[in-house]
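J.: Below is the structure, and that's it, no one-letter string:
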């Protein structure tokens with residue numbers, strides 16, 4: 001039996017999720033909710049288009065509605081994927097849960113910790129799955145890193161560096177601190193990915209040390225911090241840098257007692273005194289894996305394969321702690 005999804009928000013992430021729903025044998029795209037027709041959005045949307053695999057022909061027959069209220073009245077579905085701006089996550093998630101749907105909401109979960117807590121409580125009350133799209137958890141290179149940490153293949157980790165940097169968006173006023181604060185900025189849009197994967201691999205940090213100099217240098221668009229653990233420190237550098245055409249770049253270096261893992265994009269290198277072994281993971285589709293894990297969680301009532309709202313809330317707590325420290329004089 002297929003899980004019927006309604007996708008709310010048809011920007012590039014909504015389009016990404018819709019494409020994967022259409023590919024998955026256990027999923028069905030029941031409806032799309034967006035103020036504009038899906039064909040128009042496919043033609044005009046800006047963003048990380050390399051994740052989008054569908055065309056106007058693929059969604060031509062999919063019911064389209066301009067509001068969730070209308071879609072929920074007219075369409076039978078099991079789950080909703082919310083791919084709306086962050087400031088709309090709380091109200092949208094709460095409404096979907098109240099209407100009896102399971103929910104997968106894009107990251108970041110929310111900006112305010114109390115909103116995260118209320119969404120988690122509502123999901124528990126309704127006995128619904130609430131998952132958050134921290135898709136890095138589904139990327140093979142990061143899962144290999146987690147395995148090496150857990151299994152000790154290279155011994156204990158001693159120092160890890162995560163980096164996630166791209167050009168300042170060409171839209172919005174990214175020089176205005178108030179605009180950055182309202183949108184969540186690089187802290188919630190980029191940094192929270194690596195904060196989440198750090199927690200997923202190592203648990204909760206004993207201390208977080210933000211770098212105020214880096215934040216000020218880049219008008220709050222770059223966030224740098226150390227997450228401290230008993231035997232390993234993690235440095236995270238994430239943000240938007242000028243000029244806008246600066247290409248998206250993500251990487252990590254994990255230094256263990258007996259070797260190093262170096263990840264540059266989708267290339268992973270295993271470095272030991274004996275030499276370097278390299279593998280290419282370009283064929284990986286983590287968004288499909290994320291969807292598959294969500295469906296499996298519903299089928300098996302086992303949420304261990306998804307980032308639950310309760311778990312994601314801890315990453316938001318970390319980000320809020322950093323935001324407060326950066327605002328201190």
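T.: Here it is on my side, so go on. Not measured: the values here are computed from a predicted model. Numbering: from 1, shown residues only.
J.: give me the element residue 14 is part of.
T.: helix 12-23 (DSSP states H and E).
J.: List the buried residues for the lengthiest strand in the chain?
T.: If you go by DSSP state E, the chain has its longest strand at strand 157-167. Neighbour counts using 16 or more other C-beta atoms under 10 Å place 157, 160, 161, 162, 163, 164, 165, 166 of strand 157-167 among the buried residues. C-beta coordinates here come from the backbone N, C-alpha and C atoms, glycine included.
J.: quick one: which of these is nearest to residue 66?
T.: Residue 66 has its nearest neighbour among the buried residues of strand 157-167 in residue 166, at 31.4 Å by C-beta to C-beta.
J.: quick one, phi psi at residue 5?
T.: Main-chain torsions, residue 5, degrees, to the nearest 10: phi -110, psi 140.
J.: Now for it: which residues touch it?
T.: 17, 21, 27, 28, 29, 30, 77, 78, 79, 80, 81 (C-beta atoms under 8 Å, 6 or more residues apart in numbering).
J.: what do you get for residue 59?
T.: 18, 29, 32, 38, 39, 42.
J.: Could you dump the contacts of residue 5 into CSV with distance to residue 193 added?
T.: Formatted as CSV, the contacts of residue 5 follow (distance: C-beta to C-beta, whole Å):
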residue, distance to residue 193
17, 17
21, 22
27, 24
28, 29
29, 26
30, 29
77, 28
78, 27
79, 23
80, 22
81, 18
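J.: What about these, which one has the most neighbours?
T.: Comparing the contacts of residue 5 by number of neighbours (other C-beta atoms under 10 Å), residue 17 comes first, having 30 neighbours.
J.: and that residue, what does it touch?
T.: 5, 7, 81, 83, 104, 287, 291.
J.: try it again with 10 Å
T.: 5, 7-10, 27, 29, 51-52, 81-83, 104, 106, 133, 287-288, 290-291, 294 (C-beta atoms under 10 Å, 6 or more residues apart in numbering).
J.: What subset of these is buried?
T.: 5, 7-10, 27, 29, 51-52, 81-83, 104, 106, 133, 287-288, 290-291, 294.
J.: quick one on the thing from earlier: identify the farthest-apart pair in the contacts of residue 5.
T.: 17 and 78 (14.5 Å).
J.: Provide a complete list of residue ranges assigned to strands in this structure.
T.: Remark: strands assigned in the chain by DSSP E are 3-8, 27-33, 64-65, 79-82, 102-106, 130-133, 157-167, 207-210, 222-228, 233-241, 249-256, 260-264, 267-272, 275-280.
J.: Partner strands of the second one and their direction?
T.: This points to strand 27-33. The pairing partners recorded for strand 27-33 under DSSP bridges are strand 3-8 (parallel), strand 64-65 (parallel).
J.: looking at these, which is closest to residue 150?
T.: For residue 150, the closest of these is strand 3-8, at 30.1 Å, according to C-beta to C-beta.
J.: Show me how the record splits this structure into domains.
T.: Domain segmentation of the chain under automatic domain parsing yields 3-134+288-306, 140-283.
J.: Give me the distance between stretch 156-169 and the centre of its chain.
T.: 15 Å (C-alpha atoms, centre = their mean, to the nearest Å).
J.: ok, now stretch 23-43?
T.: Relative to its parent chain, stretch 23-43 has a centroid offset of 20 Å by C-alpha atoms, centre = their mean.
J.: Which helix or strand in this protein has the lowest average pLDDT?
T.: helix 177-183 (a mean of 70; mean pLDDT, DSSP states H and E).
J.: if we can go back for a sec, adding distance to residue 255 and pLDDT, write the contacts of residue 5 out as JSON lines.
T.: As requested, these are exported to JSON lines (distance: C-beta to C-beta, whole Å; pLDDT from 0 to 100):
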{"residue": "17", "distance to residue 255": "36", "pLDDT": "97"}
{"residue": "21", "distance to residue 255": "39", "pLDDT": "98"}
{"residue": "27", "distance to residue 255": "40", "pLDDT": "98"}
{"residue": "28", "distance to residue 255": "46", "pLDDT": "98"}
{"residue": "29", "distance to residue 255": "44", "pLDDT": "98"}
{"residue": "30", "distance to residue 255": "47", "pLDDT": "98"}
{"residue": "77", "distance to residue 255": "47", "pLDDT": "98"}
{"residue": "78", "distance to residue 255": "44", "pLDDT": "98"}
{"residue": "79", "distance to residue 255": "40", "pLDDT": "98"}
{"residue": "80", "distance to residue 255": "42", "pLDDT": "98"}
{"residue": "81", "distance to residue 255": "37", "pLDDT": "98"}
